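Peer 1: model the structure of this input:
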Amino acid sequence: MKPVCVLGNGQLGRMLRQAGEPLGIAVYPVGLDAEPEAVPYQNSVITAEIERWPETALTRELATHNAFVNRDIFPRLADRLTQKQLLDSLNLATAPWQLLANAEQWPQVFASLGELAIVKRRVGGYDGRGQWRLRPGEQDSLPADAYGECIVEQGIHFSGEVSLIGARSHDGETVFYPLTHNLHEDGILRISVALPQPDAKLQAQAESMLSAIMNELGYVGVMAMECFIVGDNLLINELAPRVHNSGHWTQNGASISQFELHLRAILDLPLPKPVVSTPSVMVNLIGTAVNLAWLSQPLVHLHWYEKEVRDGRKVGHLNLTDPAEKQLAETLNELSPLLPNEYQSALRWAQKKLG
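Peer 2: Have a look, this model is predicted:
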C-alpha cells in the first residue's frame, strides 16, 4: 500500500500514524516547516490534519501534488464565509449570518439577527478563540481588525449539541457513526457521549445533510459536521474536513476508528460501515497533567499526546466504553475525584446522557 503523508504533526497526525501501523500503512505526519526533500511525498497519498496552513517551501510543493486528496476543498471549508455560502447553496439549515464589514452595520445586525450576535473570524479561530458573543452596547469590545475578517451569526437557543462523523470513498460510497452528543465549555469540547442507538430522526437528518455536502464537494475521507439541536431539527454549526476531536471515542468504541476509516477512504480500501454496539464516553484532557491513577479504572483507555501541559491546551483524552450504561456512569463517578473541579459538571452531564 502507498504511504500517507499528513500535513501537520499534531495529535491528529499522531493518531493517524497509530491507526496505520496494524494495516502496514506507513503514515508520516510532517510539520509545515519541513524541508520538502526530507518528506517522502512524491509517491505518497497526501492528507492533512488541519484546514489551513501558511505558505512554506513544503506547502508550495504540495499545492501542485495530484495525490493531495481534497487539496482544493480545504481552503473552501477553512474560511467560514465560503463554508456558509456552501451550506446556503445546498439549502441546508444553519444559523442566520452575514459578513461583518464595518461598525456601521451593528444597528442592522441586531435588528435582523436579534440581541445576541456571535462574531467569528473567517479563518484561524478554533476552540473558542477568535469568537465573541456580543449584545447591544458591547460591540465596542470587538477588535478593529475584526471588520472585514469576520462573519456574524444569530445566537441560537439550542437544547443540545451533536456531531456526525462520516466518510466518503472515491466512488461516492458513504458510511457514518452514530451521532455524538457533545458538551462545550468556553468554546472547547469537554466531553462526548455516543450511544449505539441514536435518535433515528436526527440521525437520518444528519446523514442526509453530510452526504449532500460531501457529494457536492467530491470529498474523500472523514468529515465532521457539528450541529445544534433546535426543536426536532438540526442546524449546522461548523464543518471540519478531517478527523475530529468528537470522534476520538471511536478508537475504543467502534470496530473501525475514525482514523483507520480516513486512511481506508483516501487509499481506496474497503469501507464497511463501522459497527458500534456499546455506549462510549470521551473526556478531553485540557491543561491537565497526567494522572496514572486514571488507569486504576478498568474501563479507562488513556490517550496521552506527550505535549507540554498548558492552560486551555488539549493534551490527551480518556475513552470509556462498556455494554452497560450503568457501569459507564459508575466509572465516571470513580473518575470524579481524579479530575480537577472544572470537570465535575461535565461528568454529571455525561452520566445523565447515559441514563
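Peer 1: now for the helix or strand bottoming out on mean pLDDT in the chain, which elements pack on it?
Peer 2: Lowest on mean pLDDT, DSSP states H and E among the helices and strands of the chain sits helix 57-62, with a mean of 89. Packing partners of helix 57-62 (3 or more C-beta pairs under 8 Å, 6 or more residues apart in numbering; DSSP states H and E): strand 4-7. All C-beta atoms are positioned from the backbone trio N, CA, C, and that covers glycine.
Peer 1: pLDDT on the strand it packs on, on average?
Peer 2: Average pLDDT, strand 4-7: 96.
Peer 1: just say helix, strand or coil for Gln83.
Peer 2: Look at Gln83: counting by DSSP: H, G, I helix; E, B strand; the rest coil, its state is helix.
Peer 1: tell me, how many residues neighbour it?
Peer 2: Neighbourhood size, Gln83 [other C-beta atoms under 10 Å]: 21.
Peer 1: can you tell me, leaving aside adjacent residues, what's nearest to it?
Peer 2: Leaving aside its sequence neighbours, Gln83 sits nearest to Leu77 (C-beta to C-beta, 6 or more residues apart in numbering; 5.2 Å).
Peer 1: and Val30, by the same measure?
Peer 2: Closest to Val30 by C-beta to C-beta, 6+ apart is Val39, at 5.1 Å.
Peer 1: for Leu318, same thing?
Peer 2: Val283 (4.3 Å).
Peer 1: what bridges to that neighbour?
Peer 2: Beta-bridge partners for Val283, by DSSP bridges, are Ile191, Leu318.
Peer 1: my guess is it meets Ile191, correct?
Peer 2: Yes - counting by C-beta atoms under 8 Å, Ile191 is a contact partner of Val283 at 5.3 Å.
Peer 1: quickly list what's touching both of these two.
Peer 2: Common contacts of Val283 and Ile191 (C-beta atoms under 8 Å, 6 or more residues apart in numbering): 343, 346-347, 350.
Peer 1: for burial, what's the neighbour tally of Thr56?
Peer 2: The burial count for Thr56: 15, using other C-beta under 10 Å.
Peer 1: I figured it hits Asp33, correct?
Peer 2: Yes - here Thr56 lies in contact with Asp33, judged by C-beta under 8 Å, at a distance of 5.5 Å.
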